[in-house]
Structures are given as structure tokens and as C-alpha cells.
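Peer 1: sequence isn't available, so here's the structure alone:
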């Protein structure tokens, strides 16, 4: 009986060892990815800082344990088998996720290390991101931005699901478990063809818009609603005419003489000037919007949010007035 028990114990231990060994290591995954990318065992070995024989033995052992060939070895060429293609793709994903563990750990020590996933509404992104990216790179060089430009409703869903860390949107923005902070106020201005009677005016009243063909983004675009909220007269006029998907499309429509439009100041700086268009300010009370940032209550990198806020408020974009928190 003791002999039978000993045999059972040995078999059980062997099964445990075999099961353990079939769980490949990250090092082995790096080996097969290197060979797949280099298509050469010698170059892959140099890249992995081991000898070519050691690399070949490690990969052959892994193939034996998996019960399938990953590579086809020819005299002057190394190619992936059809199944090997899938294995290498999965290995790359595993290595990327493992790298994220390192990033998460680093962020625990320094919140300005690792990507910040930033969502921006489409009527803000094109006009502040070029300057913002450069400013943030100087202030937090180890915190690259991963940018998503989209509509407010889509950004909200992505923020709640954890796919984004923080979003720049128009306020008010009230959602459960979401915190907001104002960043800046931005006045609106009218944009008309240079041949329009308003082109020589310095100011107009918002009420005058109701008598014009005003081109705005389509329904669902938050900027459209911002303009309608600021200029209620437009809501009572016929707004079912020509619409555009972006401010730049609408700008070109105005150039073509299809109507006039209203744009935020950031879209009307010198770099966006068009000689065929005139920009006219509104009389007080001037229509405007407030842009803010929003994030989940449980977000664990407050230092990253602070750097982002300071970077946005430091931008020297004409017309933008930073909002100081109370």
C-alpha cells in the first residue's frame, strides 16, 4: 500500500509540474515575438541579449509543450505557421497588458507617468489641442495624451465605462459619479461673407440672427444647442435648412455664400482667418459658453488632472478667459 501511495504522489506531482510548465513565461513570449518580427533567429537573439542556440532551444521547448509548430524553419528564412500567426498576435497582446501593470505601478509612485486618456468635443479639439499637447509635453513629458475627439454623448459613455480618464466638454454637465471643474469662458462671434452688410459693423445684437440663414452643426452636436441656448431667437426661427458636420465644413459653406454662422472665439484666431469672411462681435450680453473638464469620482491621478487644468488655463488663445475655482 505505501508503494502505491508513493506512485500516486509522484504522478500527482508530475501533473502539477506539467500544468505549471505549460504556463509560458513572459520571457518566452518575448522570444517568439522577437523572432516573428526579425524573421531571423540570430537577430532575434541579439535583440533578446541571449545566444542563438539558447533562443532556439527555448522556442523549440515551447513548441513541444504547446504541441504545435510556431515557426517554419527554412535555410535562409523563418516564417510563421498559420497557427503561429495567432499565437504571436496573442503573445503581443499579453506583453502589452503586462507592460500596463508596470505603468500602473509607476503611476502609484508618480501620477504624471503613463498615458492620460483625454476626450474632447469636436468644437474644442481642433482649436486648442495643438497648443495643449505641446504645453503638456513640457510640463509632464512622461504623460502622453491618448486623444478621442467625439460628441458629448459619446464621450460621456466612454468616461463612465473607463475608456477615458477625463473629458473636455461644455458645462453644465451633470452625470452621476462624475465630477466637473470649469476651465474657461469663451464668447461666440458671428461669421459672415465679406459682402454681407454686417461685414463692416463692429457689433450686432444676437436678436438680429433670427432674420438670417444661420448655418449650424446638425442636431446632436452640443455646439448647436449652446448657440440656441445663447440666442433663443434662433429657436423660434426656421432652423431646418442646410447643416454641417463640423465647424470647418460650415465655415466653407459661409465662404460659398450659403448663409452666415456663429463660432466660438478659439475657431477665429489668426491661424483660422479667411480673407473672404468677416468676424463680427455680439453686443452685451455677449453669447458665450463655459468649457470644463469632467472625470470619474474614483479617478486615482488627481495630479494629472491638476496639470491638465493648469495647462489648459495657461493657453494664450485670444478670447478665452480662465475660470478660477471658488
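Peer 2: Cool, got the structure. Model, not experiment: these values are computed from the prediction. Residues are numbered from 1 along each chain as shown.
Peer 1: give me the neighbour count for the spatially closest residue to residue 188 that is not a sequence neighbour.
Peer 2: The shortest distance from residue 188 to any residue other than its chain neighbours is 4.4 Å, reached at residue 287 (CB to CB, 6 or more residues apart in numbering). C-betas here are computed from N, CA, C, even on glycine. Applying other CB atoms under 10 Å, we find 18 residues neighbouring residue 287.
Peer 1: show me what contacts residue 287?
Peer 2: The neighbours of residue 287, taking CB atoms under 8 Å, 6 or more residues apart in numbering as the test, are 187, 188, 206, 227, 230, 231, 262.
Peer 1: may I have the predicted confidence score for it?
Peer 2: On pLDDT, residue 287 comes in at 90.
Peer 1: do the same with residue 207
Peer 2: 86.
Peer 1: SS state for it?
Peer 2: helix (DSSP: H, G, I helix; E, B strand; the rest coil).
Peer 1: leaving out the residues flanking it, which one is nearest to it?
Peer 2: Nearest non-adjacent residue to residue 207 (CB to CB, 6+ apart): residue 233, at 5.1 Å.
Peer 1: which stretches in the chain count as helices?
Peer 2: With DSSP state H as the definition, the chain shows helices at residue ranges 2-21, 26-38, 41-48, 52-66, 82-109, 125-139, 152-160, 222-230, 232-235, 247-255, 302-313.
Peer 1: what residues does the residue nearest to residue 207 make contact with?
Peer 2: 206, 207, 209, 210.
Peer 1: the same query, at a cut-off of 10 Å, please.
Peer 2: 205, 206, 207, 208, 209, 210, 211, 214 (CB atoms under 10 Å, 6 or more residues apart in numbering).
Peer 1: and for residue 194?
Peer 2: Counting by CB under 10 Å, 6+ apart, residue 194 has contacts 200, 255, 274, 275, 276, 277, 278.
Peer 1: buried ones among these?
Peer 2: 277, 278 (16 or more other CB atoms under 10 Å).
Peer 1: returning to what we had before: highest neighbour count among the contacts of residue 233?
Peer 2: residue 214 (24 neighbours).
Peer 1: pick out the residue nearest the middle of this protein.
Peer 2: residue 147 (2.2 Å; CA atoms, centre = their mean).
Peer 1: verify the stated contact: it with residue 126.
Peer 2: No - proximity of residue 147 to residue 126 does not meet the contact threshold set by CB atoms under 10 Å, at 11.2 Å.
Peer 1: mind listing the shared neighbours of these two?
Peer 2: The contact sets of residue 147 and residue 126 overlap at residue 120 (CB under 10 Å, 6+ apart).
Peer 1: related to what we said a few turns ago, can you list the helices of the chain in a markdown table and add mean pLDDT?
Peer 2: Listed next are those as a markdown table, based on pLDDT from 0 to 100:
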| stretch | mean pLDDT |
| --- | --- |
| helix 2-21 | 44 |
| helix 26-38 | 92 |
| helix 41-48 | 91 |
| helix 52-66 | 92 |
| helix 82-109 | 82 |
| helix 125-139 | 95 |
| helix 152-160 | 93 |
| helix 222-230 | 84 |
| helix 232-235 | 71 |
| helix 247-255 | 93 |
| helix 302-313 | 96 |
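Peer 1: quick check: domain ranges of this structure?
Peer 2: Domain ranges of the chain: 2-109, 111-326, per automatic domain parsing.
Peer 1: deepest-packed of these, please.
Peer 2: domain 111-326 (a mean of 17; mean count of other CB atoms under 10 Å).
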